[in-house]
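# sequence and predicted structure are below.
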Amino acid sequence: MYKKAFRAAFPHTVPVLTGYLFIGIAFGVMFQEKGYHFLWAVLMSILVYAGSGQYLAVQFFAPGVRFIDMIFMTFMVNVRHIFYGLSLLERFGRMGKKRLYMIFSLTDETYSLFFVTKVPKDVPEDKFLFAIAVLDQFYWVLGSAIGALAGAVLPFRAEGIDFAMTALFLVIFVEQWLAGGNRIPAVIGLVFAGVLRLVAGSDSFILPSMICIMICLIWGRRYIEQERREGEDDNAG
């Protein structure tokens, strides 16, 4: 069943494959530029696997960076995963021991696939979701290895290369928007993020934005789900 699950999951992960290869390569180049052996980049992608958190971590490999600053900045960058996890408690709770890896391997792109991809009827949900998570991490590790190796052999300028992560987030958002369906959560996210970006500034808006978005989505959950069901009925008709 796992082999069948991986075959069914692979086509859905191809967009992540193309994105993770490029941003993984960018991370590998940035990491190797600091003078570390390429295997450390691979090991970090296997054991840490934090995407934007790894990009941030590269900046910590410099003299004068305090340990408490590392903890705080890493928390702020990845605080959104708290809210991701809340929406997946029920699904992960049914996955037994695999839930530990599912929690560890949850990224923005994997999270998106969990909610936009329909589980095939002939594949158990837990194995299908597990296959998506494993494939996505494999792409990231592969990209990191290629980038670190290339950076060790070829001369690269890493300036501006970290924008690859932001670009991938934008592409995923646009794809989900163009796919149609219920766009209310996306609008809520854009409004709160935009307003609080102006009010709190670029360094402090993420956490209050996520809190406001979560409260708004919980409060309007029934209306949002009703709109989604009506949209599905219209499409079916």
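Arrived safely. From a predicted model like this one, the values you see are computed outputs, not experimental measurements.
# so where is this protein shaky, pLDDT-wise?
Within the chain, the stretches with pLDDT under 70 are 62-63, 155-165, 168-169, 172, 175-176, 179-181, 224-225, 227-237.
# following the chain onward from the longest helix along the chain, which element is next?
Using DSSP state H, we find that the single longest helix of the chain is helix 2-33. Later in the chain than helix 2-33, the nearest helix or strand by DSSP states H and E is helix 38-47.
# can I see the domain layout of the chain?
Per the record, the chain has its domains at 2-165, 180-237, by automatic domain parsing.
# is residue 197 in contact with residue 206, as I believe?
No. The criterion here is CB atoms under 8 Å, and residue 197 misses it with residue 206 at 9.2 Å. Using the backbone N, CA and C atoms, a C-beta is placed for each residue, glycine as well.
# which one's more surrounded, these two?
Remark: of residue 197 and residue 206, residue 206 carries more neighbours, 18 against 14, as counted by other CB atoms under 10 Å.
# so the more buried one touches residue 76, yeah?
Yes. Counting by CB under 8 Å, residue 76 is a contact partner of residue 206 at 6.2 Å.
# roughly how far does residue 51 sit from residue 139?
Distance check for residue 51 against residue 139: by CB to CB, to the nearest Å, it reads 12 Å.
# and for residue 183?
In this view, residue 183 and residue 139 are 28 Å apart by CB to CB.
# the residue most central in space within the chain and residue 16: what is the separation?
Nearest to the centroid of the C-alpha atoms of the chain, with distances taken as CA atoms, centre = their mean, sits residue 108, at 1.9 Å. Distance of residue 108 to residue 16, given as CB to CB: 10 Å.
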